[in-house]
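Engineer: show me how the following folds:
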Amino acid sequence: MFRGRGMESVEGEDASSEGATRRQAGVASLFAVAVAGFSCLIGWELSAVFSPSLPLLSFCDIQTAIFIRCISVLTLAFAFGFFAVKADLFFKNRDRLAVAALIVSFLPMICACAYTATGALPIIVLEISWALLGISQAILATYWCVIFSLMESSFTMRVVVSGGVGGTFLFVIVNAAGELWVSMLELCLILFISVLSAAMIARSIPKSSIPNVQDFRRVPDLSAPAFFSVASCGAVYGLMSIEVCYQGFMAALVGGASGIFGVALAVVWCVLGSRVDIDVGVVQRIALPLLVVSLLMMPLFEGPLRVIWACVALATLAHNQMFTWFSVSIENYEFRLHPVRRFALRQIPSWVGFFIGCLLAYAAAFVFRLESESLYLFTCVFVVVIVVAFSVYGGDESKTKRRLDSLINVAAQKAIEAVSKPEEVEVIPSASTCDGGEPFYSEGFQDRCEEVSRKYSLTPRETEVFALLAKGRNAEYIAGQLMVTPATIKSHIYHIYQKLGVNSQQRLMDLVDEGKR
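Structural biologist: Sure, this is the predicted structure:
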């Protein structure tokens with residue numbers, strides 16, 4: 001009999017181990033799919049950013065190509081504005097919109113091939129196809145943000161950073177193909193892979209874990225200083241992208257590839273993980289001196305040196321873009337913020353600024369034809385605007401965090417009011433420790449934690465944090481376990497305390513122990 005039990009136990013352990021292995025294999029395969037799909041998205045977006053000198057618009061003269069690109073950026077900014085207003089509608093119809101955006105995105109490639117075959121194409125056809133491309137680009141980017149916002153956040157940073165690296169290499173491979181039709185075919189392929197990968201990930205997410213659209217928290221609009229600061233970075237991006245495109249095909253290819261250096265810095269944050277706490281303030285302080293030096297030095301040189309200084313700014317802004325992708329997505333998941341509205345609100349100033357930067361570069365090159373001293377004066381004025389924008393905003397997230405806390409605390413206050421105040425009881429040593437001081441958790445510990453979580457309407461992520469707090473863990477330990485930043489965990493702890501109406505970790509553990517008694 002004893003031997004039989006042992007054999008059953010071994011078989012049970014083997015089955016459990018086999019199940020864990022299968023789950024790990026499933027997670028690894030989804031991670032690979034996410035990296036491949038996001039790499040394709042980044043490769044496609046870089047191809048659109050530097051399109052005036054790349055195969056997508058190589059059949060046009062540079063002035064016409066830049067003008068068409070400006071149209072695309074304008075519709076892109078308007079699309080994000082519409083998504084911010086109709087966020088619920090987008091979320092409900094996100095799969096259908098992604099398929100429609102994929103089909104529309106093929107239009108510029110079809111136009112390029114048609115022009116190559118016939119030698120002529122009405123300009124209005126190009127303008128319409130690129131205007132629609134801007135809308136489809138906004139849809140696909142928002143769709144990916146929704147996917148990231150519904151995924152387990154511990155993988156998001158690694159997927160985004162790995163995708164940034166892979167996307168940069170794809171950008172070079174696709175646009176250096178030599179033959180136009182080959183580049184167009186490759187662009188169509190990476191677009192298809194991107195949407196297919198996102199759809200596969202979306203299907204793998206359990207429907208029970210996807211909140212109803214009305215359950216998402218609505219975030220407030222960006223403050224004016226924050227909008228101004230983000231728009232100024234977008235303006236630099238637009239200006240520098242047009243500048244390298246104006247220098248020719250090779251300069252545009254090098255400019256797009258230079259983003260790998262900015263992505264490399266994001267790789268450092270990914271490796272350090274929860275040991276560092278990076279926020280917008282840190283990113284701004286890293287970016288400002290590099291952008292200023294790049295803008296001031298670029299007009300002083302010609303040829304390759306000019307391109308190199310432009311690449312300094314482009315690499316810096318690539319780092320900003322990667323940070324925006326994973327920080328917005330992780331915060332959306334952690335705090336159940338509306339992924340469509342929040343991403344759109346963050347992208348509007350960026351693309352409005354990008355459009356302004358493109359217009360300024362177009363005017364400087366083709367309208368006023370600025371050179372030498374006049375060009376340097378122009379960039380000096382631009383630098384002053386950038387510095388003022390950064391100074392006004394200051395990279396200070398405290399006001400934004402207070403607004404977010406007040407938003408989340410509305411739900412917390414409702415939970416507190418809905419639950420009757422516990423009777424006053426004598427505080428006794430927590431049952432979570434035994435006489436030897438070592439942690440001891442009974443079989444019903446997790447059940448009691450879940451009961452308290454349901455009673456006080458904690459979110460799934462708050463429930464995970466609550467269980468670790470009830471075991472006496474601190475914020476740094478929890479951040480390491482859940483693979484998020486300590487600042488994110490501290491925000492969760494703050495909101496849990498608000499919902500439970502407690503002001504100490506000991507009182508929180510007592511609530512779990514009271515459930516046992």
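Engineer: sketch out the low-pLDDT regions of the stretch 151-300 of the chain for me.
Structural biologist: By pLDDT under 70, the weakly predicted segments of the stretch 151-300 of the chain are 274.
Engineer: ignore what I typed, I meant the stretch 301-450 of the chain.
Structural biologist: Short version for the stretch 301-450 of the chain, where the test is pLDDT under 70: 394-443.
Engineer: quick one: the helices in it?
Structural biologist: Along the stretch 301-450 of the chain, counting by DSSP state H, counting those that start in this stretch, helices occupy 304-335, 339-362, 372-393, 398-418, 445-455.
Engineer: to residue 497, which of those helices lies closest?
Structural biologist: In terms of CB to CB, the element of the helices of the stretch 301-450 of the chain nearest to residue 497 is helix 398-418, at 8.8 Å. Heads up, the C-betas are built off the backbone N, CA and C, glycines and all.
Engineer: how much space separates residue 22 from residue 29?
Structural biologist: Remark: distance between residue 22 and residue 29 (CB to CB, to the nearest Å) = 11 Å.
Engineer: what's the answer for residue 355, then?
Structural biologist: Distance, residue 355 to residue 29, using CB to CB: 39 Å.
Engineer: so those two - more neighbours on which side?
Structural biologist: residue 355 (24 against 12; other CB atoms under 10 Å).
Engineer: right, and the more buried one touches residue 238 too?
Structural biologist: Yes: between residue 355 and residue 238 there is a contact at 6.5 Å, judged by CB atoms under 8 Å.
Engineer: need the residues touching each of these two.
Structural biologist: Here residue 355 and residue 238 have residue 73 as joint contacts, going by CB atoms under 8 Å, 6 or more residues apart in numbering.
Engineer: regarding residue 153, what is its secondary structure?
Structural biologist: What DSSP: H, G, I helix; E, B strand; the rest coil gives for residue 153 is coil.
Engineer: any idea how far residue 334 is from it?
Structural biologist: Computed as CB to CB, the residue 153 to residue 334 distance reads 6 Å.
Engineer: which neighbours do those two share?
Structural biologist: Joint contacts of residue 153 and residue 334 (CB under 8 Å, 6+ apart) are 461, 484.
Engineer: can you pull the contacts of residue 115?
Structural biologist: For residue 115, the contacting residues are 59, 121, by CB under 8 Å, 6+ apart.
Engineer: now residue 493
Structural biologist: Counted by CB under 8 Å, 6+ apart, residue 493 has contacts 465, 469, 475.
Engineer: that one: which element?
Structural biologist: helix 486-500 (DSSP states H and E).
Engineer: what would the helices of the stretch 301-450 of the chain look like in CSV with distance to residue 114?
Structural biologist: Formatted as CSV, those follow (distance: least, CB to CB, whole Å):
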stretch, distance to residue 114
helix 304-335, 31
helix 339-362, 25
helix 372-393, 37
helix 398-418, 47
helix 445-455, 59
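Engineer: quick one: which of the ones you listed is nearest residue 223?
Structural biologist: Among these, helix 398-418 comes nearest to residue 223, with 6.8 Å by CB to CB.
Engineer: grab the nearest non-local neighbour of the residue nearest the centre of the chain.
Structural biologist: Per CA atoms, centre = their mean, the C-alpha nearest to the average position across the chain is that of residue 325, at 1.5 Å. Nearest residue to residue 325, sequence neighbours excluded (CB to CB, 6 or more residues apart in numbering): residue 160, at 4.7 Å.
Engineer: the residue nearest to the centre of the chain touches residue 162, doesn't it?
Structural biologist: No: here residue 325 does not reach residue 162: they are 11.8 Å apart, not a contact under CB under 8 Å.
Engineer: quick one, helices of the stretch 1-150 of the chain?
Structural biologist: Along the stretch 1-150 of the chain, the segments classed as helices by DSSP H, counting those that start in this stretch run 2-49, 62-85, 87-92, 94-105, 107-118, 123-150.
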